[in-house]
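Novice: No sequence on hand, only this structure:
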């Protein structure tokens, strides 16, 4: 993940956990719930991007190691 506007994996993960906590706690309006849900989806995509990038780097390192 190289987009400087994107949060780090840890920041996105922590914010996602907070979004989930708020949704599970309830007590918010439908509109607030939708905004939280949309933010959660965005954060989940950011986290997945970081994880995919990490997996690609590991796969590349392993492939390089096997060629040596």
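Specialist: That came through fine. Computed from a predicted model, the values in this text were never measured in an experiment.

Novice: need the contact list for residue 24.
Specialist: By CB atoms under 8 Å, 6 or more residues apart in numbering, the contact list for residue 24 is empty. The way it works is simple: take the backbone N, C-alpha and C, and place the C-beta from them, glycine included.

Novice: Quick check: pLDDT value at it.
Specialist: Residue 24 carries a pLDDT value of 97.

Novice: The host helix or strand of it: which residues count as buried?
Specialist: In this structure, residue 24 sits in helix 9-25 according to DSSP states H and E. Buried residues in helix 9-25, counting neighbours by 16 or more other CB atoms under 10 Å, are found at 9, 12, 13, 15, 16, 19, 22.

Novice: Okay, helices next: where are they in this structure?
Specialist: 9-25, 30-67 (DSSP state H).

Novice: Show the contacting residues for the spatially closest residue to residue 20 that is not a sequence neighbour.
Specialist: Among residues not flanking residue 20 along the chain, residue 40 sits closest, at 6.6 Å (CB to CB, 6 or more residues apart in numbering). Applying CB under 8 Å, 6+ apart, we find residue 40 in contact with 16, 19, 20, 23.

Novice: Among the residues you listed, which one sits closest to residue 45?
Specialist: Closest approach to residue 45 among the contacts of residue 40 (CB to CB): residue 16, at 10.2 Å.
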